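Engineer: I need the structure of the sequence given here:
(one chain, ligands or ions: 3)
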Amino acid sequence: MTIIVDQPQFNENGSQEQIAKNTPETELVLDGGFCLPHANSFGHNFRDYDVESERQQGVENFYRVNHINQTVDFVKKMRKEYEKLDKVEMSIWECCELLNEVIDESDPDLDEPQIEHLLQTAEAIRKDYPDQEWLHLTALIHDLGKVLLHPSFGELPQWAVVGDTFPVGCAFDRSIVHNKYFLQNPDYNNPAYNTKYGIYSKNCGLDNVMMSWGHDDYMYLVAKENRTTLPLAGLFIIRYHSFYALHRSEAYKHLMNDKDVENLKWLQIFNKYDLYSKSKVRVDVEKVKPYYESLINKYFPAKLRW
Ligand SMILES: O[C@H]1[C@H](O)[C@@H](O)[C@H](O)[C@@H](O)[C@H]1O
Ligand SMILES: [Fe+2]
Ligand SMILES: [Fe+2]
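Structural biologist: Ligands and ions are numbered 1, 2, ... in the order given. Here you go, the predicted model:
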């Protein structure tokens with residue numbers, strides 16, 4: 001079975017000029033034959049959060065704590081702290097290597113070190129979209145924000161770093177994984193935050209929405225502030241790749257603007273590779289390293305502030 005993706009349309013509305021400037025010139029090549037596995041490495045469907053498995057309990061407990069603690073106040077506090085980018089100075093590749101030690105407790109489909117996941121995603125997307133080098137690099141770095149788990153970044157708990165993300169400041173959608181635990185979130189009963197729009201307005205644009213704090217928003221911040229030359233679609237992928245309620249369940253669409261709608265098409269392509277490339281088959285790191293190093297040099301400074 002192969003994944004069929006619709007070809008995104010980039011030239012149909014008023015924001016055409018900006019999009020044209022910020023997305024790569026080459027035409028998007030349709031699916032090149034990436035095989036969708038029938039099951040994850042544990043023999044279950046991907047993203048089945050209820051099936052009894054060796055990871056189920058740990059993952060559910062992760063979401064319980066995550067849903068109770070991700071509040072408007074918490075997100076504001078974290079943004080302020082990490083905006084400083086005063087923790088570490090290092091290159092993109094050094095960060096990939098740091099992730100060697102990181103395992104994601106929220107993931108029912110993978111218990112391999114994170115560097116494997118980065119390379120598996122990037123290599124899978126590279127096969128199907130050989131000319132979109134910005135997409136290969138986006139895939140390589142999309143989860144680097146998980147470095148927040150590391151002692152030199154404050155060793156944040158898993159619930160403040162990984163897992164699916166969702167907006168805070170408006171009602172939590174029912175499609176969010178293990179949503180029953182939101183009942184214990186203090187924002188759940190706050191009338192300023194628990195309506196459809198909450199503190200936001202119709203089509204205000206995701207840029208104006210506060211997402212639960214974690215590796216997506218952090219890595220977006222790092223890439224932007226260190227002046228990456230990645231296209232906006234790449235930054236959008238990094239920032240919202242864990243927002244499954246939007247890109248899979250179509251919740252919160254009322255908060256999107258036209259630009260978000262365009263970028264979402266790329267995110268939906270990316271997601272197939274992010275999710276279904278997870279496996280026990282390891283990538284030969286040394287073999288692929290020179291290729292990714294050349295992309296890093298092209299789109300990022302040698303050292304970044306984290
Ligand atoms: O457990 C996973 C993992 O943390 C991923 O990095 C994230 O992007 C997903 O949304 C989440 O479900
Ligand atoms: Fe992620
Ligand atoms: Fe990922």
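
Engineer: Now do the SS call for residue 134.
Structural biologist: helix (DSSP: H, G, I helix; E, B strand; the rest coil).

Engineer: how many neighbours does it have?
Structural biologist: Residues within reach of residue 134, counting by other C-beta atoms under 10 Å, total 23. C-beta: built from backbone N, CA, C; applies to glycine.

Engineer: I'd like to know how far it sits from residue 234.
Structural biologist: Using C-beta to C-beta, to the nearest Å, we find residue 134 at a distance of 5 Å from residue 234.

Engineer: Then residue 149?
Structural biologist: Taking C-beta to C-beta, one finds residue 149 at 23 Å from residue 234.

Engineer: got it, and residue 278?
Structural biologist: 21 Å.

Engineer: pretty sure residue 171 is touching residue 195, no?
Structural biologist: Yes: taking C-beta atoms under 8 Å as the definition, residue 171 is a contact partner of residue 195 at 5.9 Å.

Engineer: Residues of the stretch 151-300 of the chain that sit close to ligand 3?
Structural biologist: Within the stretch 151-300 of the chain, the positions adjacent to ligand 3 are residue 274 by C-beta under 5 Å from the ion.

Engineer: the helices in the stretch 151-300 of the chain, which residues?
Structural biologist: 215-225, 232-240, 244-247, 258-276, 285-299 (DSSP state H, counting those that start in this stretch).

Engineer: So which residue is smack in the middle of this structure?
Structural biologist: Geometric centre of the chain, nearest residue: residue 241, 2.9 Å, by C-alpha atoms, centre = their mean.

Engineer: mind checking pLDDT for it?
Structural biologist: In this model, residue 241 is scored at 98, pLDDT.

Engineer: same check, this time on residue 192
Structural biologist: pLDDT for residue 192: 98.

Engineer: can you check residue 73 too?
Structural biologist: Residue-level pLDDT assigned to residue 73 equals 98.
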